[in-house]
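Student: Structure of the sequence below:
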Amino acid sequence: MIPLDAHIRRANPRTAESDQYRILRRGYSYRRSPEVAGTQDVGHIFICFQRDVDRGFTTIQRRLAGEALERYTLPFGGGYYFVLPGISDGDDYLGRSMVQSV
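Tutor: This next block holds a predicted model:
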């Protein structure tokens, strides 16, 4: 039912090939009152989690290039933040799996 060129369908086509590029994502809409910002300030904050930025977010952004939604959005700002892996059985500190010799 979702058109093939829709944003969500292009971002996650749910095919066997695209499954390896999935991310955990969350969007937050915001709207600040004109009294605070001086002008209307509305937008969307996007965050996502993945193991590999290139295989996750970057691959999805390439799929979205040229989509119709680009005419209505103006992205600005951003950054990448890296989080240590959680604690597994036998780990006694965050990130141990990264520094432990194999």
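Student: Poorly predicted segments of this structure, please.
Tutor: Scanning the chain for pLDDT under 70 picks out the ranges 36-37, 101-102.
Student: The residue positioned nearest the centre of the chain sits in which helix or strand?
Tutor: The centre of the chain sits closest to residue 48, judged by Cα atoms, centre = their mean, with a distance of 3.3 Å. Secondary-structure assignment from DSSP states H and E places residue 48 in strand 41-49.
Student: quick one: that strand to chain centroid distance?
Tutor: Relative to its chain's centre, strand 41-49 lies at 9 Å (Cα atoms, centre = their mean, to the nearest Å).
Student: Pairing partners for it, with directions?
Tutor: Using DSSP bridges, the neighbouring strands of strand 41-49 in the sheet come out as strand 24-32 (antiparallel).
Student: got a list of contacts for the strand it pairs with?
Tutor: Residues external to strand 24-32 that are found in contact with it (Cβ atoms under 8 Å, 6 or more residues apart in numbering): 40, 41, 42, 43, 44, 45, 46, 47, 48, 49, 50. The way it works is simple: take the backbone N, C-alpha and C, and place the C-beta from them, glycine included.
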